[in-house]
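Chemist: structural data only, the sequence is not supplied:
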């Protein structure tokens, strides 16, 4: 399985930002144009770009569609996007502007058939599960779903998703490393591809994720945001680390 780096762009009010542990009151705003950032990721060799509409994650309405559309128009690599995709119409609006895969979290938890409906239209979908420990949070990480990640994995094994993005909220933006044990348990509990998110702060943390193996299966990628924007991880160096370890 190929392991991909997904450099991330989080959007709020059209700007490139990061939230610490998913807290909207703990925002770091970067003086960078999101489109220029996406182009720099592509130039550095990224094969995917991950974009999150943080405003939509709270409201359930696509708030930064114009910016997402411009990113897709400018880059040639595939774009994966998430945040507030809670209806077939919203998913269609994103695919209409050219995104390659949508990440559905809250909507999938509250309406499991929605992923299958989107996939049935020929669109690529990933299930986004945001967890504190093992408890899944929804609606911009502000509500407790009442489900554990393992309870939900069984429900979505054959629901049309091609991958699962697992974000450990307590580690997000902290740069202290990923939840290796938790990710190993997820990998053991599903046949879908698993993409890690939250906590990566160094090239060594990426190398650690490449070592995660359960019954001959490996993680399929990692989403990295704050560490890249803060200059702690260089995209080109991260991609070279991945290539060297997989060769």
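Modeler: Structure's in. What do you need? The structure presented is a predicted model; accordingly, all values stated were derived computationally and were not measured.
Chemist: contacts for stretch 139-152, please.
Modeler: Stretch 139-152 is contacted from outside by 22, 24, 54, 57-58, 60, 106, 109, 129-131, 134-138, 166, 169, 185-186, 189, using CB atoms under 8 Å, 6 or more residues apart in numbering. Using the backbone N, CA and C atoms, a C-beta is placed for each residue, glycine as well.
Chemist: how about stretch 239-247?
Modeler: Under CB under 8 Å, 6+ apart, the answer for stretch 239-247 is 2-5, 44-46, 203, 206-207, 210.
Chemist: which among the residues you listed gets closest to residue 174?
Modeler: The closest of those to residue 174 turns out to be residue 206 (CB to CB; 15.4 Å).
Chemist: is the closest one in a helix, a strand, or coil?
Modeler: What DSSP: H, G, I helix; E, B strand; the rest coil gives for residue 206 is helix.
Chemist: that one contacts residue 221, correct?
Modeler: No. Assessed by CB atoms under 8 Å, residue 206 is found out of contact with residue 221, at 10.0 Å.
Chemist: identify the contacts common to the two.
Modeler: Residues touching both residue 206 and residue 221 (CB under 8 Å, 6+ apart): residue 5.
Chemist: what's the mean pLDDT across the longest helix seen in the chain?
Modeler: If you go by DSSP state H, the chain has its longest helix at helix 235-246. The average pLDDT for helix 235-246 rounds to 95.
Chemist: ditto for stretch 93-109
Modeler: 92.
Chemist: okay, now the unreliable bits of this structure?
Modeler: Low-confidence segments of the chain (pLDDT under 70): 1, 17-28, 30-31, 140-142, 173.
Chemist: the helices in it, which residues?
Modeler: Using DSSP H, the helices assigned to the chain run over residues 34-43, 54-59, 65-74, 88-96, 106-110, 113-120, 149-155, 180-189, 203-210, 226-229, 235-246.
Chemist: okay if I get these as a markdown table plus mean neighbour count?
Modeler: Shown next, in a markdown table, are those (neighbours: other CB atoms under 10 Å):
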| stretch | mean neighbour count |
| --- | --- |
| helix 34-43 | 18 |
| helix 54-59 | 21 |
| helix 65-74 | 18 |
| helix 88-96 | 17 |
| helix 106-110 | 22 |
| helix 113-120 | 17 |
| helix 149-155 | 16 |
| helix 180-189 | 17 |
| helix 203-210 | 18 |
| helix 226-229 | 23 |
| helix 235-246 | 15 |
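Chemist: for residue 162, find the nearest of these.
Modeler: Nearest of these (CB to CB): helix 113-120, 8.0 Å.
Chemist: could you dump the helices of the chain into CSV with distance to residue 10 added?
Modeler: Shown next, in CSV, are the helices of the chain (distance: least, CB to CB, whole Å):
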stretch, distance to residue 10
helix 34-43, 9
helix 54-59, 6
helix 65-74, 11
helix 88-96, 16
helix 106-110, 16
helix 113-120, 22
helix 149-155, 22
helix 180-189, 21
helix 203-210, 19
helix 226-229, 9
helix 235-246, 16
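Chemist: could you say which one of those comes nearest to residue 174?
Modeler: Smallest distance to residue 174 across those (CB to CB): 8.6 Å, for helix 226-229.
Chemist: how distant is that closest one from the center of its chain?
Modeler: 14 Å (CA atoms, centre = their mean, to the nearest Å).
Chemist: what's it packed up against?
Modeler: For helix 226-229, the packing partners by 3 or more CB pairs under 8 Å, 6 or more residues apart in numbering; DSSP states H and E come out as strand 15-20, strand 23-30.
Chemist: now do the longest helix of the chain against helix 34-43, angle only.
Modeler: Using axes from the mean of the first three to the mean of the last three CA atoms, to 10 degrees, the inter-axis angle of helix 235-246 relative to helix 34-43 is 40 degrees.
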